[in-house]
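# Compute the structure for the input listed below.
(one chain, ligands or ions: 1)
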Amino acid sequence: MKMTLDEKTLDSLNEEIRHCTKCRLWQSRKIAVPGEGPVPCRVLFIGEAPGNMEDKTGKPFTGMSGKFLDLMLNEIDMKRQQFYITSSVKCRPPKNRPPKDDELAICKENWLNKQIYLIKPQLIVLLGKTALKQMLGLNENLVNCHGRIIDYHGIECLITFHPAASMRFPKIRKEMKKDFQRFKEMINT
Ligand code: URA
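Predicted coordinates for the structure are as follows:
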């Protein structure tokens, strides 16, 4: 099938990401994880950072939290292949620590903003605290703000939990399921 210009451009951008040395995280990663999905795509999911499994496979959400994300999507009759999936930073931080502010800023400016421009989502699902900080600059407790929709340069951002948190805590899982129902309603209207 013929690729569009945006698809080709995103492919080469993602190839650049795989060789990125713009922040310190390249020193400890095995494989950078640019993300994957159709282009253009109505919905973009943004997580925190690659973990151990993603660092080995080069693909987003391939570990336990990825399986959990698949389950959550399954419950609303959707599958990950329908969406573009990426993370706030593209390289695994040492010992899975949260990405630092400068790492977030460098990755957003060099890669994430350009990916968003090419993917052209109408809705971004922010999975967890780091994605919320990365996209909206908010340092808020998710318990207070999940389910809210905030505008980011004309793109709706739905705030929810990271699947890793919801996997561990049943109360969070219940709330995340409500957010995913909301998500389903949003994309079915
Ligand atoms: N968590 C993330 O935020 N991204 C991944 O790719 C895997 C786990």
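# Dihedrals phi and psi, residue 44?
phi -120, psi 130 (degrees, to the nearest 10).
# doesn't residue 121 make contact with it?
Yes: Residue 44 is within contact range of residue 121, at 3.9 Å (criterion: CB atoms under 8 Å). In this view, the C-beta of every residue, glycine as well, is placed from N, C-alpha and C.
# higher neighbour count, the two?
Of the pair residue 44 and residue 121, residue 44 is the one with more neighbours under other CB atoms under 10 Å, namely 26 against 22.
# quick one, what contacts the more buried one?
37, 83, 84, 85, 86, 115, 116, 119, 121, 123, 124, 125 (CB atoms under 8 Å, 6 or more residues apart in numbering).
# mind checking the SS state of the residue sitting nearest the centre point of the chain?
For the chain, residue 46 is the residue whose C-alpha lies nearest the centre (CA atoms, centre = their mean; 1.6 Å). Recorded secondary structure, residue 46: strand (DSSP: H, G, I helix; E, B strand; the rest coil).
# I'd like to know the beta-bridge partner residues of it.
Counting by DSSP bridges, residue 46 is bridged to residue 86, residue 126.
# List the residues that contact it.
86, 87, 88, 112, 124, 125, 126, 127, 131, 134, 135.
# Could you measure from it over to the ligand?
Distance from residue 46 to the ligand, counting by CB to the nearest ligand atom, to the nearest Å: 8 Å.
# Need the pLDDT of that residue.
On pLDDT, residue 46 comes in at 99.
# Residue 1 now?
pLDDT, residue 1: 74.
# for the protein, what spans make up the strands?
43-47, 84-87, 123-127, 149-152, 155-160 (DSSP state E).
# Could you give the separation of stretch 158-172 from the chain centroid?
14 Å (CA atoms, centre = their mean, to the nearest Å).
# What residues sit buried inside it?
158, 159, 160, 161, 162, 163, 164, 165, 166, 167, 172 (16 or more other CB atoms under 10 Å).
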